[in-house]
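Trainee: Sequence isn't available, so here's the structure alone:
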């Protein structure tokens, strides 16, 4: 009979997510994970199989937590453009407040692993699709309420907003402050 696990796998995935988010996939060593999780290498591999499998679980955890936050904010009451502006500002404020300037784990993963890790690429693709769908739905709501012109392509605007988020989150990693990011947000919202 094997010994019971000495750690909570969900907590371990959260801790691993923080390491991968800060360092990236390639720069994260098994020793980094062992140190962060407080378990031995044998336990790490027995519980998760491989560094790649643990990374995928960490990326899913990131997706689930970020998607829940985004959808909650988009579903708040109020004018559509105000909600969109609030979401974009909150994302950039969070990124600028992060002392490590980690940005978005999904964007970082796309930049690092797209074309070399199909599983990670597909996870990021689905995350972006889900985000785009949420933006598209909000654009359509704005079209029904008369806040956004009905002759505008809701799918294209959803894509524009996803691209804006990706760019903002990347820019926030090197921005000296919020001014440039705020100008981008205002210009995009005003263009809707």
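Mentor: Thanks, I have the structure now. Everything numeric here is computed off the predicted structure, so don't read it as measured data.
Trainee: Checking residue 148 next. Helix, strand or coil?
Mentor: Three-state assignment for residue 148 (DSSP: H, G, I helix; E, B strand; the rest coil): coil.
Trainee: before we move on, what about residue 77?
Mentor: Going by three-state DSSP: residue 77 is coil.
Trainee: Let me see the contact set for it.
Mentor: Residues near residue 77 by C-beta atoms under 8 Å, 6 or more residues apart in numbering: none. Every C-beta, even on glycine, is put in place using the N, C-alpha and C of the backbone.
Trainee: Could you give the separation between the terminal residues of stretch 20-32?
Mentor: 9 Å (C-alpha to C-alpha, to the nearest Å).
Trainee: How about residues contacting that stretch?
Mentor: Counting by C-beta under 8 Å, 6+ apart, 19, 41, 44, 51, 55, 58-59, 62, 100, 102, 105, 108-109, 112-113, 117, 120 sit against stretch 20-32.
Trainee: can you check stretch 108-125 too?
Mentor: Contacts for stretch 108-125 (C-beta under 8 Å, 6+ apart): 21, 24-26, 52, 55-56, 59-60, 63, 102, 106, 166, 170.
Trainee: same thing but 6 Å
Mentor: 24, 25, 56, 59, 106 (C-beta atoms under 6 Å, 6 or more residues apart in numbering).
Trainee: Most widely separated two among those residues?
Mentor: 24 and 56 (14.5 Å; C-beta to C-beta).
Trainee: Filter the contacts of stretch 20-32 down to just the buried residues.
Mentor: Among the contacts of stretch 20-32, those classed as buried by 16 or more other C-beta atoms under 10 Å are 19, 44, 51, 55, 58-59, 62, 102, 105, 108-109, 113, 117, 120.
Trainee: Out of those, which is nearest to residue 71?
Mentor: Of all the buried ones among the contacts of stretch 20-32, residue 62 has the smallest distance to residue 71: 14.7 Å, by C-beta to C-beta.
Trainee: Find the helix or strand that the closest residue to residue 40 other than its chain neighbours is a member of.
Mentor: In this structure, residue 40 finds its nearest non-sequential neighbour in residue 34, 6.6 Å apart by C-beta to C-beta, 6 or more residues apart in numbering. If you go by DSSP states H and E, residue 34 is part of helix 30-37.
Trainee: pLDDT on that helix, on average?
Mentor: Across helix 30-37, pLDDT averages out at 94.
Trainee: I'd like the buried ones among the contacts of stretch 20-32 written out as CSV, with secondary structure, pLDDT and distance to residue 91 added.
Mentor: Formatted as CSV, those follow (DSSP: H, G, I helix; E, B strand; the rest coil; pLDDT from 0 to 100; distance: C-beta to C-beta, whole Å):
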residue, secondary structure, pLDDT, distance to residue 91
19, helix, 97, 22
44, helix, 87, 32
51, helix, 94, 28
55, helix, 97, 23
58, helix, 97, 20
59, helix, 96, 18
62, helix, 95, 14
102, coil, 94, 13
105, helix, 96, 13
108, helix, 95, 14
109, helix, 96, 17
113, helix, 95, 22
117, coil, 94, 25
120, helix, 94, 21
